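Asks: here is a sequence together with a model predicted from it:
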Amino acid sequence: MADVSINIRDIKDYIGREIGTSKWAEITQSRVTKFAEATGDFQWVHVDAEQARTELASGRTIVHNYLLLSLVPKFFDQIVTFTGLEFGLNRGAENICFLKPLPTGSKVRIRLKLSGLQEATNEGWLANFHIVMESEDGPILKMALVLLLVAAKKNNVHPISADQHQGAAIGL
């Protein structure tokens, strides 16, 4: 369950504020290998632990950057739930910056901030979230996530919660 619940009517109160931080998750070699199998990206830096032990500074394989990006919806769900919504849609990710390689076996989490809000048609808001993914050694990914959040009309409320996998519900 998410730590923070925000009613769409009150979303303006969160502009410029950090909403929360997700739980830590370890990125195991098994997860990296499964991601390689799913995407066909078998570069040795991701999957060959023996070669990484001798040729990489960390002595460990490196997590795929797109694997890190794919974890954002899971972490987002841990932080916030929106209520009073008819629906929400992912409008895109902007300014994605991978800051440094992440050795496999590291733990990561995200910090979530509502950096901006713009009125949109359909009685909704374009919400711009600033996301920083960090390891125990500091930031590794920065990005902006833009979501269209449309308020429910009376008696037509569809709460979006982590229990219903919010990421899927809002199109992440």
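Replies: Arrived safely, thanks for sending. Residues are numbered from 1 along each chain as shown.
Asks: residue contacts, the spatially closest residue to residue 26 that is not a sequence neighbour?
Replies: The spatially closest residue to residue 26, leaving aside those adjacent along the chain, is residue 107, at 5.0 Å (Cβ to Cβ, 6 or more residues apart in numbering). Every residue, glycine included, has its C-beta placed from N, CA and C. By Cβ atoms under 8 Å, 6 or more residues apart in numbering, the contact set of residue 107 is 24, 25, 26, 27, 135, 136.
Asks: count of neighbours near the third one?
Replies: The reference is to residue 26. When neighbours are counted by other Cβ atoms under 10 Å, residue 26 registers 10.
Asks: right, and it touches residue 106 too?
Replies: Yes: here residue 26 lies in contact with residue 106, judged by Cβ atoms under 8 Å, at a distance of 7.3 Å.
Asks: mind listing what the residue nearest the centre of the chain touches?
Replies: Geometric centre of the chain, nearest residue: residue 72, 1.7 Å, by Cα atoms, centre = their mean. Residue 72 is in contact with 110, 131, 133, 143, 145, 172, counting by Cβ under 8 Å, 6+ apart.
Asks: what's opposite the residue nearest to the fifth one when sequence neighbours are not counted in the beta bridge?
Replies: Spelled out, that is residue 145. Nearest residue to residue 145 in three dimensions, chain neighbours excluded: residue 129, at 4.5 Å (Cβ to Cβ, 6+ apart). Under DSSP bridges, the beta-bridge partners of residue 129 are residue 114, residue 145.
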